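# Return a 3D structure for these sequence lines:
(2 chains)
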Amino acid sequence: MDLRFDEADEAFRREVACWLATALTGEFAELVDAGGPGREHEHLQARKAWERRLGRDGWIGLGWPEADGGRGLSWERQVIFHEECARAGAPGRVGHIGEQLLGPTLLMFGTAEQKARFLPGILDGTRLWCQGYSEPGAGSDLAAVRTRAELRGGEWHVDGQKVWTSLATEADWCFVLARTEPGSLRHRGLSCLLVPMDQPGVDVRPIVQLTGTSEFNEVFFDDARAARDDVVGAPGEGWKVAMGTLAVERGVSTFGQQMGFAREFERVLAAARATGAADDPVLAERLLDSWMQLQVLRYTAVMTLGAPAGSTPGTEANVAKLMWAPWHRRLGELAVDVLGAAGTVAAGPGVDELTPAQRLHLFTRADTIYGGSDEVQRTVIAQRMLGLPRGPA
Amino acid sequence: MDVGFDAAQRDLRRTVRDLLDREGGAGRGSPVWRRIRELGLLGITVGERHGGAGASSVELGIVLAELGRALTAVPFLQTTVAATVLDRSAAPVAAQVLPGLVAGDLVAGLATPGPASSLPVGTRSALTGVLDNVVDGPHLDLLLTPALVDGDTVLAAVRTDVAGVARTTLPTVDRSRPQARFVLDGAPAVVVGDAAAAARAVDLLLAAVAVESAGAARHCLDATVAHLRTREQFGRPLGTFQALQHRCADLAVLVESAWSTAWYATWAVDGDPATAAVSAPLAKAYCADAFRAVAGEMIQLHGGIGFTWEHPAHRYFKRATSTDLLFGGRAWVRSLVARRAGLRP
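Coordinates of the predicted model:
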């Protein structure tokens, strides 16, 4: 057991930090700390340009095989890249859905032709993707998908509605889970289709959230078209592909996320010291709890996500989510609590004019819902990790 | 980075688990203690020049996690922590007692850590003060304690069978963890380390307690899940009820995170000592807390049987409580974390 990065990895860390210090200047200087969950609406054009800069300098697809255009870097180096980006305040990614969800799915299930067509656009940061899984009637229960697609006249005709689609206004393509076998039930008869967003049959409507801002969208498909060959995996095998997408994430981005959490904690602590709240015994205990649990998040990520694939039960990501989401929500509560009454005064009269503490407090209510709610995570952990039996249907 | 255990470490775990499945008893006269001595486990971290195996804190942690799982009541944790500390000491007394500690002829341990105001005071050769709630105190031949000598903190060793040392055995709720109070009245003492050595000794002790607790907490969850899978009410296994599944999931998160935190700290005391100053007390605080929560739920989720003397749940619950209250106690350990992390002055 050795839980340190080795000297070569530390040299790589310096290389990343050095590149970031150079790159986050000039037109990109305004992007420091921009974007990310709760701030997805900020600086979108500049962040798309940043995506192309990342691609140009070879920082996308670090863990992908070299044969597919990636750099084949180790788990440690991917972690280091994410940590350094977070430390430098690099902007929230807009290409991450392509890089971290669709790309690995194509690497697993895609044909050679699909990989050749779609991977380069992800790797050079020019083609952005969004994910069409959730529906109004299929949230926690994803197998209840009702969006349908039919092969007619040599192409897929797609009809239905997706919801909570991040960055749909910016995306060029969407990977859509649709029912392609009429009358099929639950996990059967689904397919994963690649659908261009720029066409008459696709309509994107932003959702105004309780933060007053819009990061998530509804996407309506009204006889939208997808090419016959743009189905990932065999038609009818979409559930397997969708589950593969969710399982492939081995958590390298978790470390960057935690570095971001540490920066947020430092701001809450600074505010608590400025207001004197840090000297209040109750708030001081909550600050200490928050800090300690942040270290526990990191220790747990190191010990479980770093373990060799196959050596663990495969539910580490569920455990990690059920740890960080409630933690982050409590940090949001602490962020306004240390301000006291002043924490109730907004930055301005507009509904979306929130202070950073207020934004953290309000947006973290989404953390325990998206990406599998806390309740779904508990059921998965109980049944798949602990082996508790399913109840009567 | 190399996460996980190698083949030799997995073998060690299996050996210890087999041993604890076969042998029982409590204290220095027990069959389990005899086997632990025979296997040379008491010298696991001690250098070969003193007859030990020269292994790292990770190997020590593997044994401790198994002892925690089985709740074995022998003075292993205390003796091995003391031996590890003495193995690093250049004081002549260390070389004199280490062979006895490795062989199990002598038993040693650390005083429970605490604020400076609780430390014995005196000279480099004689100490006065009260050391209360010393874990395994009734068994100890040798006691290590931080002490204040001429305004400096040192790590001192005191023999327990000499004039100037009065030992009182204390009755304990947690019967797996005997305690004694030692009153030192000009007790003969030997300095075995400086302030830094005293701090490192406490870090090792706290990490050892953490990993032992994590092993015990994991057992509490395993036993509870096994019960819920087989116990039927309303015509179906209790484990099919979502209310219980979700509570078990929360316990699983606690156990997994405590396990990871304990191992991080256990590795760090040898692998990265500078960071152990934070991770060791943090792990002790977190794992003791998790252990208490899981042991409490173990009683609740077993229902009536969990409230009986016959069922082992209460022994884990009492061990969890004593773990949290001893070894510095909750408030002191947490404030140590806060100070070392720079959160408080």
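
# Low-confidence bits of chain A, can you list those?
A:247-251, A:308-313, A:393 (pLDDT under 70).

# For the longest helix along it, which helices and strands make contact with it?
The helix that spans the most residues within chain A, counting by DSSP state H, is helix A:252-275. Counting contacts by 3 or more CB pairs under 8 Å, 6 or more residues apart in numbering or on different chains; DSSP states H and E, helix A:252-275 is packed against helix A:75-88, helix A:281-300, helix A:316-337, helix A:356-367. Using the backbone N, CA and C atoms, a C-beta is placed for each residue, glycine as well.

# What segments of chain A are strands?
Counting by DSSP state E, the segments of chain A that form strands are A:129-132, A:148-152, A:155-166, A:173-179, A:190-196, A:202-206, A:216-227, A:231-232.

# Tell me where the stretch 1-150 of chain A has helices.
Under the criterion DSSP state H, counting those that start in this stretch, the stretch 1-150 of chain A carries helices at the ranges A:7-23, A:44-56, A:75-88, A:96, A:103-109, A:112-123.

# and what of the stretch 1-150 of chain B?
Applying DSSP H, counting those that start in this stretch to the stretch 1-150 of chain B gives helices spanning B:7-22, B:31-38, B:57-70, B:76-87, B:92-103.

# Chain A: which of those helices is closest?
Of all the helices of the stretch 1-150 of chain B, it is helix B:57-70 that lies closest to chain A, at 5.2 Å by CB to the nearest CB.

# helices or strands next to that closest one in the packing?
helix B:7-22, helix B:76-87, helix B:195-230, helix B:242-271.

# quick revisit: including distance to B:I44 and mean neighbour count, could the helices of the stretch 1-150 of chain B go into CSV?
Output for the helices of the stretch 1-150 of chain B, formatted as CSV (distance: least, CB to CB, whole Å; neighbours: other CB atoms under 10 Å in any protein chain shown):
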stretch, distance to B:I44, mean neighbour count
helix B:7-22, 9, 14
helix B:31-38, 10, 17
helix B:57-70, 5, 25
helix B:76-87, 6, 25
helix B:92-103, 9, 18
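
# Tally up the residues packed near the closest residue to A:A178 other than its chain neighbours, please.
Excluding the flanking residues, the one nearest A:A178 by CB to CB, 6 or more residues apart in numbering or on different chains is A:A149, at 4.0 Å. The number of residues packed near A:A149 is 28, by other CB atoms under 10 Å in any protein chain shown.

# from what I can see A:A149 touches A:A227, true?
No. Contact criterion CB atoms under 8 Å: A:A149 and A:A227 do not qualify, at 11.8 Å.

# any shared contact partners between these two?
Both A:A149 and A:A227 are contacted by A:W156, under the criterion CB atoms under 8 Å, 6 or more residues apart in numbering or on different chains.

# which one of the strands of chain A lies closest to B:D2?
strand A:129-132 (34.4 Å; CB to CB).

# Just send the helices and strands packed on helix A:252-275 back as a markdown table, with mean neighbour count and distance to A:F28 too.
Output for the helices and strands packed on helix A:252-275, formatted as a markdown table (neighbours: other CB atoms under 10 Å in any protein chain shown; distance: least, CB to CB, whole Å):
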| stretch | mean neighbour count | distance to A:F28 |
| --- | --- | --- |
| helix A:75-88 | 21 | 11 |
| helix A:281-300 | 19 | 28 |
| helix A:316-337 | 21 | 27 |
| helix A:356-367 | 20 | 21 |
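
# Distance to A:V252 for these - can I get that in CSV?
Formatted as CSV, the helices and strands packed on helix A:252-275 follow (distance: least, CB to CB, whole Å):
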stretch, distance to A:V252
helix A:75-88, 4
helix A:281-300, 14
helix A:316-337, 11
helix A:356-367, 19
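
# between these, which gets nearest to B:P75?
Once the helices and strands packed on helix A:252-275 are compared by CB to CB, helix A:281-300 is nearest, at 28.6 Å.

# Just checking the closest one against chain B, any contact.
Yes. Applying CB under 8 Å from any CB of the partner chain, one finds helix A:281-300 in contact with chain B at A:A284, A:L287, A:L288, A:W291, A:M292, A:Q295, A:V296, A:L297, A:Y299, A:T300.

# Can you give me the pLDDT of B:P345?
Listed pLDDT for B:P345 reads 83.

# What sits closest to it if chain neighbours are left out?
Using CB to CB, 6+ apart, the nearest residue to B:P345 is B:R339, at 7.4 Å.

# Can you report how many residues lie near that neighbour?
B:R339, neighbours per other CB under 10 Å, totals 13.

# Same check on B:A288?
Neighbours around B:A288, by other CB under 10 Å: 28.

# roughly how far out does stretch A:59-76 sit from the chain middle?
What separates the centre of stretch A:59-76 from the centre of its chain is 19 Å, taken as CA atoms, centre = their mean, to the nearest Å.

# Sorry, slip of the keys, the one I care about is stretch B:290-302.
Offset of stretch B:290-302 from its chain centre (CA atoms, centre = their mean): 20 Å.

# Please apply the same query to stretch A:329-336.
Mean-position distance between stretch A:329-336 and its chain equals 21 Å (CA atoms, centre = their mean).

# Does chain B have contacts with that stretch?
No. With CB under 8 Å from any CB as the criterion, chain B is not reached by stretch A:329-336; the gap is at least 13.1 Å.

# hang on, A:A277 packs against A:L283?
Yes. A:A277 is in contact with A:L283 according to CB under 8 Å; the separation is 4.7 Å.
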